[in-house]
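> This is a predicted model, with the sequence first.
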Amino acid sequence: MSKEQNNSQNTFEEEDNVDIIAFAKKIWKERRSIIKTILIFMFIGLFIGIFSDKEFTASTTIVPQTNSSLKLSSGISGLAAMAGINLGSIGKGSGISPMLYPEIINSIPFQKELLQTPLNVKGKANPVSYQKFFTEVYSPNLLGYIIKYTLGLPGVIKSAIKPKPSFAKEIKESKIESINYKQKELIKNLMKQISLDINKIDGYVTITAKMPEAVAAAEMAERVKQLLQKYIIAFKIKKSKEQLKFIQERYDAKALAFKKIQQQLATFTDRNQNVSTAMAQTKLQSLQSEYDLAYGVYSELAKQLEAQQLQVKQDTPVFTVIKPVAVPIERTWPKRTTILLIWMFLGLLFGVGIIYAKEYLLKLKKDWNTTTE
C-alpha cells in the first residue's frame with residue numbers, strides 16, 4: 001500500500017470519528033428534548049397497551065386423509081368378491097384439495113353458519129351466537145371507540161348516509177344465498193378473526209381463531225374445524241350418496257315386487273298341490289319364471305346396495321387431529337411490554353429526527369435570507 005493510500009484511509013477514519021463524536025455531542029446537548037419526546041411516546045404506548053381490546057388466540061391442527069391413504073383391506077375385498085360384489089372401482093375417486101379449503105371458508109353458506117356459532121361468554125348464563133355477541137353483548141374498549149370515530153370516521157359517515165337498496169322481497173323469493181348489510185359487516189370482522197394456514201410440504205392444516213374471550217376463541221376454532229370437515233365430507237360423498245339413494249329406491253321397489261310374486265307363487269302352490277292339469281302346470285311355470293326373474297333382479301340390487309354403502313364409507317374423508325383445540329390461558333394481545341418498548345424506540349427516533357429537522361430548517365432559512373439580500 002502506498003503512502004498516499006495510507007494518508008487517504010487515515011483521513012476517512014478521522015472524519016468518521018469526528019462525525020460520531022459530533023453526533024454524540026449533539027444528542028447529549030439536546031438530551032432533555034429527546035427524553036421529553038421519549039416520555040410522550042412512552043405514555044402513548046402505555047395508553048395503547050392499557051386500553052386496547054384483549055385478544056385470545058386458539059388453534060387446532062388437522063391432517064386430512066386422502067383416498068390414496070384409505071385403502072380397503074384385502075380381507076374386506078375378498079369377502080366382497082365371495083359375495084359377488086366388485087369393489088374394483090372403490091377408492092378411485094378424487095378428494096377435494098386442501099388448497100381449496102380457503103374457498104370453502106370464504107363461501108357465504110359457511111360464513112352464515114359461523115355467525116350462528118354458540119359462544120359461552122362472561123355475564124351470560126346461556127351461550128349466545130357470534131352474531132348476537134358482537135351486536136348486543138360486546139362493546140369495544142376506549143381505544144376501539146377512538147379509532148372508530150377518528151381513523152374510521154369516514155367509513156362510519158359513509159355507511160350512515162349511503163342509501164341501502166331494498167330488495168328484501170326478491171331475496172326472500174330467490175333460492176340463491178344472500179346476506180344483508182349487518183351480516184356483511186359481521187362477516188368482515190369474522191374473517192379478520194379466523195385464519196387457515198396450509199402446510200403444502202407436510203400436508204397439515206392449522207385453524208386459528210382470535211376472540212375477546214378465551215373460551216369463545218376455543219369454541220370458534222372448534223366450530224371452524226367441525227364446519228370445514230362437514231363441508232368437505234358433504235362434497236366428497238355427494239356423488240356416491242346420490243347413487244346410493246338411487247339404488248336404495250330401486251332396491252325397495254324390487255323388494256316389494258319380489259315379495260308380491262313370492263306370495264303369489266306360495267299361494268298358488270298351496271292351492272294346487274293335488275292338481276296336475278296342464279293349465280295348472282303352465283300357470284305354475286309362469287309364476288316360477290316371474291319369481292326367478294324378480295329374485296335375480298332383487299339379488300343383484302342387494303349386491304349393488306351393499307357395494308354402494310361401502311363406497312360411501314370409503315369416500316368419507318378422515319381427519320386426524322394432531323393438535324386439538326385448547327382454551328388459551330394467556331392473551332395474545334395487547335403485549336404491553338413490547339408495545340411500550342416499540343413506542344419508546346419510536347420516540348427516540350422522532351426526538352433525534354426533530355433535532356436534525358430544526359437544524360435543516362434553520363440552515364434553509366439562513367440560505368433563503370442570504371439569497372434574498
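Right, received. Where do you want to start?
> Just the pLDDT for R32.
R32 carries a pLDDT value of 90.
> what do you get for the one 4 residues further on?
If you check K36, the pLDDT there is 92.
> Domains in this structure, by residue range?
As recorded under automatic domain parsing, the domains making up the chain are 12-48+345-364, 53-333.
> For the longest helix along the chain, name the packing helices and strands.
If you go by DSSP state H, the chain has its longest helix at helix 214-271. Packed against helix 214-271 by the contact rule (3 or more Cβ pairs under 8 Å, 6 or more residues apart in numbering; DSSP states H and E) you find strand 56-65, helix 101-105, helix 108-115, strand 118-119, strand 194-198, strand 205-211, helix 278-315. From N, CA and C alone the C-beta is placed, and that goes for glycine too.
> now that helix against helix 278-315, angle please.
With axes from the mean of the first three to the mean of the last three Cα atoms, to 10 degrees applied, the angle from helix 214-271 to helix 278-315 works out at 170 degrees.
> and helix 214-271 with strand 56-65, angle?
With the same axes, to 10 degrees applied, the angle from helix 214-271 to strand 56-65 works out at 40 degrees.
> any idea of the mean pLDDT for helix 214-271?
Per-residue scores along helix 214-271 average to 92.
> With stretch 295-304 instead?
On average, stretch 295-304 scores 92.
> Give me the distance from it to the chain's centre.
Mean C-alpha position of stretch 295-304 versus that of the full chain (Cα atoms, centre = their mean, to the nearest Å) differs by 44 Å.
> same thing with stretch 188-207?
The answer for stretch 188-207 is 6 Å, by Cα atoms, centre = their mean.
> now stretch 38-47
In terms of Cα atoms, centre = their mean, the centre of stretch 38-47 is set 37 Å apart from its chain centre.
> Next, the buried residues of that stretch.
Neighbour counts using 16 or more other Cβ atoms under 10 Å place I38, F41, M42, I44, G45 of stretch 38-47 among the buried residues.
> Those into JSON lines, with extra columns for secondary structure?
Output for the buried residues of stretch 38-47, formatted as JSON lines (DSSP: H, G, I helix; E, B strand; the rest coil):
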{"residue": "I38", "secondary structure": "helix"}
{"residue": "F41", "secondary structure": "helix"}
{"residue": "M42", "secondary structure": "helix"}
{"residue": "I44", "secondary structure": "helix"}
{"residue": "G45", "secondary structure": "helix"}
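> Name the nearest of the residues you listed relative to A221.
G45 (30.0 Å; Cβ to Cβ).
> I'd like the distance between the closest one and G296.
G45 sits 83 Å away from G296, taking Cβ to Cβ, to the nearest Å as the criterion.
> Identify, from the buried residues of stretch 38-47, the entry nearest to A253.
Of all the buried residues of stretch 38-47, the one with the least separation from A253 (Cβ to Cβ) is G45, at 75.0 Å.
> Who are the contact partners of the closest residue to the closest one other than its chain neighbours?
Of all residues not flanking G45 in the chain, W343 sits nearest, at 3.0 Å (Cβ to Cβ, 6 or more residues apart in numbering). Counting by Cβ atoms under 8 Å, 6 or more residues apart in numbering, W343 touches F41, M42, I44, G45, I48.
> again with T332
E55, F56, T57, K210 are the contacts of T332 under Cβ under 8 Å, 6+ apart.
> Let me know how buried the first one is, in neighbour terms.
When you say that, I think you mean E55. Neighbour count for E55, taken as other Cβ atoms under 10 Å: 16.
> Could you list everything it pairs with in the sheet?
Beta bridges link E55 to W333, judged by DSSP bridges.
> swap in the last one?
When assigned by DSSP bridges, K210 has beta-bridge partners T57.
> In this structure it contacts E55, no?
Yes. At 5.3 Å, K210 counts as touching E55 under the criterion of Cβ atoms under 8 Å.
> Was I right to think L190 contacts Q111?
Yes. Using Cβ under 8 Å, L190 is in contact with Q111, at 6.7 Å.
> and of the domains of the chain, who's closest to T370?
For the domains of the chain, the distance to T370 is smallest for domain 12-48+345-364, at 10.5 Å, taking Cβ to Cβ.
> where does the closest one sit relative to the chain's centre, distance-wise?
Centre-to-centre, domain 12-48+345-364 and its host chain are 46 Å apart (Cα atoms, centre = their mean).
> ok, now stretch 365-373?
With Cα atoms, centre = their mean, you get 63 Å for stretch 365-373.
> Name the nearest residue to M211, ignoring sequence neighbours.
A217 (3.8 Å).
> Tell me who's in contact with the one you found.
Contact analysis of A217 by Cβ under 8 Å, 6+ apart lists F56, T57, A58, A209, K210, M211, V327, P328.
> Am I right that the last one sits in a helix?
No. The assignment for P328 (three-state DSSP) gives coil, which keeps it out of a helix.
> hang on, isn't it packed against A218?
Yes. The pair P328 / A218 is scored as a contact, 7.0 Å apart, by Cβ under 8 Å.
> mean confidence for stretch 325-332?
When pLDDT is averaged over stretch 325-332, the result is 94.
> first vs last residue of that stretch, how far apart are they?
Counting by Cα to Cα, to the nearest Å, you get 16 Å between the two ends of stretch 325-332.
> Common neighbours of P328 and A218, please.
With Cβ under 8 Å, 6+ apart, P328 and A218 have common neighbours A58.
> who's more crowded, the two?
Taking other Cβ under 10 Å, P328 and A218 do not tie; A218 has more neighbours (24 against 20).
> I'd say that one and I329 touch.
No. The criterion here is Cβ under 8 Å, and A218 misses it with I329 at 10.7 Å.
> Between these two, which contacts overlap?
Overlap of the contact sets of A218 and I329 (by Cβ under 8 Å, 6+ apart) is empty.
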